[in-house]
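> Predicted model follows, preceded by the sequence.
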Amino acid sequence: MFMSQLYEACRNYETLELDVRGTPRAFFFDENELLLSADAFPRLVETRLKELTFKPLGQLFAMLAWTPKYCPLLETLRLSAEPGDEGSYKHLVAILRNNNFPHLRNLKVENAVSRQHSFDEPLADIVRAIGQSRKDQDNNVNGRESRLERRGLESFRIGTRFSLSPNLVCALTECHAHTLTVLDLENVKRMGFPELVECMTKLPLLRSLQVITSLEYDEKDAGLMKPWICLGLERLTIELLKINPKPCPKYDFYIFSQVARLTNLREWTHQHESIPYKIDPGYLRQLSQLKKLVSLGFFDYFVGDFGEPEAIWMIKNWPRLAHMKGVCPDSLLGKALVQRRPWIEFEQE
């Protein structure tokens, strides 16, 4: 039997990637085998697998349904999203709701999808199912509230190009707020400003965040600009895309006033269409408390107007700064930095 033979061969592995794209389903599955229940097998092999990748989920779903029996230690699950896999994702939700992966901490969904297929809603159901399975198990033991350790996703990454839905962000903040430390949304096409604020004000344990968000000037968004609570952030990457061409100074002030509170920040990478880092006019002075900052980066950002005043300020206020991304060492800023801190490194995309 294919599944039992595969897991038997990989029983001592900790990482396994299954990629069967382009392979006929009948090549690796006996349809009669898929009708059997787990109890029908005389012996089930428990592996040491902690990290498992399925490409694509649609063809390998039958194996995923069996995986809890073979992989009780699974911590990381990577799923490949392709058009036509939506039904498989719905079945996966049912598996997760039964808490079949009690040690699952990391989830990554990758691979490009066509524009006419949306995976954000199925993903929201999966994220919610993982959180609910833990919540249901931990909330009540013999009629009393459990004191067991809170469990949920510690990292969630998306490598798929689609616009992020409010429903998915809500699932993350409602079900994983007490565990989530890494949120990588850099590969989504776009998420809205309200969703960014939702993450920053409801995920207190975040240590690393990568996100692309759209900014569209709207007076009603003023009420959304709440203080961030993820003050332990160490790595922050934000790409701001302004849909409305006119200036949005209140957004600039809000973003920089909140980043200024992240005193544990070590890496800060930012794309912006204005010049907020200049001393005057700009918001550079607000960031004087980022004493642990090691790396400052820009995405395709022209910093030719930066010069000696900004370099002097950075050297004085950021004692650990040693890496600049998106800055040419021959620019005015680059030369001024090297003159005062010769060991500083430059990275250009």
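Nice, thanks for sending it over.

> mind listing what's buried in stretch 187-197?
Neighbour counts over stretch 187-197 (16 or more other Cβ atoms under 10 Å) mark Asn187, Val188, Arg190, Met191, Gly192, Phe193, Glu195, Leu196, Val197 as buried. The C-beta positions use only the backbone N, C-alpha and C, and glycine is treated the same way.

> Which secondary structure element is home to Phe156?
Following DSSP states H and E, the helix or strand that holds Phe156 is strand 155-159.

> Which of the buried residues of stretch 187-197 fall within helices?
In helices, defined here by DSSP state H, the members of these are Phe193, Glu195, Leu196, Val197.

> Dump the residues you listed into JSON lines; add distance to His323 and pLDDT as well.
What follows is those, written out as JSON lines (distance: Cβ to Cβ, whole Å; pLDDT from 0 to 100):
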{"residue": "Phe193", "distance to His323": "29", "pLDDT": "81"}
{"residue": "Glu195", "distance to His323": "29", "pLDDT": "86"}
{"residue": "Leu196", "distance to His323": "25", "pLDDT": "87"}
{"residue": "Val197", "distance to His323": "29", "pLDDT": "90"}
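
> Output the residues you listed as CSV; include the columns distance to Gly307.
Output for those, formatted as CSV (distance: Cβ to Cβ, whole Å):
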residue, distance to Gly307
Phe193, 32
Glu195, 36
Leu196, 31
Val197, 34
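
> Just the closest of these to Glu347, please.
Of all those, the one sitting nearest Glu347 is Leu196; the distance, using Cβ to Cβ, is 25.3 Å.

> doesn't Val211 make contact with that closest one?
Yes: distance between Leu196 and Val211: 6.3 Å, which falls inside the contact criterion (Cβ atoms under 8 Å).

> list the residues that contact both of the two?
Ile238 (Cβ atoms under 8 Å, 6 or more residues apart in numbering).

> So the closest residue to Gln286 other than its chain neighbours versus Thr179, what's the distance?
With Cβ to Cβ, 6 or more residues apart in numbering as the criterion, Gln286 has its nearest non-adjacent residue at 4.4 Å, and that residue is Ala260. Between Ala260 and Thr179 the distance is 27 Å, computed by Cβ to Cβ, to the nearest Å.

> where does Thr269 fall, helix, sheet strand or coil?
Following DSSP: H, G, I helix; E, B strand; the rest coil, the label given to Thr269 is strand.

> what about the strands in the stretch 101-250 of the chain?
Per DSSP state E, counting those that start in this stretch, the stretch 101-250 of the chain carries strands over the ranges 106-110, 155-159, 182-185, 191-192, 208-215, 235-242.

> related to what we said a few turns ago, quick one: the residue nearest to Gln286 and Arg285 touch, right?
No: look at Ala260 against Arg285 with Cβ under 8 Å: they stay out of range, at 9.2 Å.

> Name the residues contacting each of the two.
Shared contacts of Ala260 and Arg285, counting by Cβ under 8 Å, 6+ apart, come down to nothing at all.

> of the two, who's got more company?
Ala260 (16 against 12; other Cβ atoms under 10 Å).

> Following the chain past the lowest-mean-pLDDT helix or strand in the chain, name the next helix or strand.
Taking mean pLDDT, DSSP states H and E as the measure, the chain has helix 31-34 as its least confident helix or strand, at a mean of 48. Downstream of helix 31-34, the next assigned helix or strand under DSSP H and E is strand 51-55.

> so that following strand versus strand 106-110, what angle?
Strand 51-55 runs at 20 degrees relative to strand 106-110, counting by axes from the mean of the first three to the mean of the last three Cα atoms, to 10 degrees.

> got the CA positions of strand 51-55 in PDB?
The C-alpha coordinates for strand 51-55 follow below in PDB (Å, rounded to 0.1, in the frame of the first residue of the first chain):
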ATOM      1  CA  GLU A  51       7.600  19.300   8.700                       C
ATOM      2  CA  LEU A  52       5.400  18.200   5.800                       C
ATOM      3  CA  THR A  53       4.800  19.800   2.300                       C
ATOM      4  CA  PHE A  54       2.000  18.800  -0.100                       C
ATOM      5  CA  LYS A  55       2.200  19.900  -3.800                       C
END
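
> Pairing partners for that strand, with directions?
strand 15-19 (parallel), strand 76-80 (parallel) (DSSP bridges).

> avg pLDDT for stretch 292-300?
Along stretch 292-300, the predicted local confidence has a mean pLDDT of 86.

> quick thing: my sequence starts at 24, can you match it?
Got it, the first residue is 24 from now on, which makes the last one we talked about stretch 315-323.

> Contacts for it next, please.
The list of residues contacting stretch 315-323 from outside it, by Cβ under 8 Å, 6+ apart, reads 260, 262, 286-294, 310, 337, 341, 343-350, 370, 372.
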